[in-house]
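J.: next one to model:
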Amino acid sequence: MSFEVARTASVPPDRLAGWVERFSNRHGTVSIECEPDAVLLHAEDGAQARLVNRWQPLPSGPVTIPEVVAHLTRPRTVGLLLVRRGADAVGVADGGELVAHRVSRHYVQGRTKAGGWSQQRYARRRQNQARTAYQQAADDAFEVIVPQLPTLSALVTGGDRQGLAEVLADRRLEALARLPQRHPVLPVPDARLAVLTDAVAAARAIPIELNAEAVTG
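T.: The predicted structure is shown next:
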């Protein structure tokens, strides 16, 4: 069942149980409806909350609220791949801890306003630099993430979609590219260690969509 979303919140795993308890206290008895990619909470006053599930689907059959919370917040090991033309950051996170990482900087020239033959030569040089940058990112992913493949539940990506596609097209990363990628591509401005650390928190947070009754009630 869908509803018109009035607001979306992002709740850290350690706060989800408290959030659900407050929702129930504020809006009354709550029933549960499970979807493959979400859990809907229906309160007796009409308030609704959709807890987005970015992990594997819940088991079929009736579930309780504690089971839902446990599923959405269970620590998992994930790979992280952030790609920009000027840098890449790769890592492995176990729960909220970044246990392996590497950041590489790349030199890719900016665009030029020059025309004619010089512009074409400049564009070719820039394309070659970008290709080299993506190759380095693939090397980093192969050396840092791929050895941990048996332990990974998902791959979380961020940055430049075209760059990500080129990196994951590397034959050495075929198995990595087949990992579940249920998280949206993170809009990272730069691939740095601090941004990679933030990506771990973003990957673990639970998005919650609320209808108008849940917001105003």
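J.: so who does the nearest residue to Ala17 once chain neighbours are set aside touch?
T.: Spatial nearest neighbour of Ala17, chain neighbours left out: Val69 (5.0 Å); criterion: CB to CB, 6 or more residues apart in numbering. All C-beta atoms are positioned from the backbone trio N, CA, C, and that covers glycine. For Val69, the contact set (CB atoms under 8 Å, 6 or more residues apart in numbering) comprises 16-17, 20.
J.: helix, strand or coil for Val69?
T.: Here Val69 is recorded as helix under DSSP: H, G, I helix; E, B strand; the rest coil.
J.: same thing with the one 10 residues further on?
T.: Reduced to three states with three-state DSSP, the structure at Gly79 is strand.
J.: and the gap between it and Gln162?
T.: For Gly79, the distance to Gln162 (CB to CB, to the nearest Å) stands at 20 Å.
J.: between the two, which one's more packed in?
T.: Taking other CB atoms under 10 Å, Gly79 and Gln162 do not tie; Gly79 has more neighbours (25 against 12).
J.: tell me the contacts of that one?
T.: Contacts of Gly79 (CB under 8 Å, 6+ apart): 90-92, 141, 145, 148-149, 152, 154-156, 176, 179.
J.: swap in Leu155?
T.: Counting by CB under 8 Å, 6+ apart, Leu155 makes contact with 78-81, 145, 176-177, 179-181.
J.: part of a strand, is it?
T.: Yes: using three-state DSSP, the assignment for Leu155 is a strand.
J.: skipping adjacent residues, who's closest to it in space?
T.: Leaving aside its sequence neighbours, Leu155 sits nearest to Leu179 (CB to CB, 6+ apart; 4.2 Å).
J.: check the secondary structure at the one you found for me.
T.: Here Leu179 is recorded as coil under three-state DSSP.
J.: what about it, how many neighbours?
T.: Leu179, neighbours per other CB under 10 Å, totals 17.
J.: please apply the same query to Pro147.
T.: 11.
J.: looking at it now. What's its pLDDT?
T.: Note on Pro147: pLDDT of 98.
J.: number of residues surrounding Ser60?
T.: Ser60 - counted by other CB under 10 Å - has 7 other residues nearby.
J.: now it: which helix or strand?
T.: Under the criterion DSSP states H and E, no helix or strand holds Ser60.
J.: can you list the domains in the chain?
T.: If you go by automatic domain parsing, the domain ranges for the chain are 7-74+205-216, 77-203.
J.: quick one: end-to-end length of the longest one, please.
T.: So the one you mean is domain 77-203. In domain 77-203, first residue to last residue: 11 Å (CA to CA, to the nearest Å).
J.: going by distance to Ile65, which of the contacts of Val69 wins?
T.: Nearest to Ile65 among the contacts of Val69 is Val20, at 6.0 Å by CB to CB.
J.: isn't the closest one right up against Thr64?
T.: No: at 11.1 Å, Val20 and Thr64 do not qualify as touching, with contact defined as CB atoms under 8 Å.
J.: between the two, who's got more neighbours?
T.: Shown here are Val20 and Thr64; by other CB under 10 Å, Val20 has more neighbours (22 against 9).
J.: checking the more buried one next. Helix, strand or coil?
T.: Applying three-state DSSP: Val20 is helix.
J.: state the pLDDT value of it.
T.: 97.
J.: got a list of what it touches?
T.: Neighbouring residues of Val20 by CB under 8 Å, 6+ apart: 30, 41, 65, 68-69.
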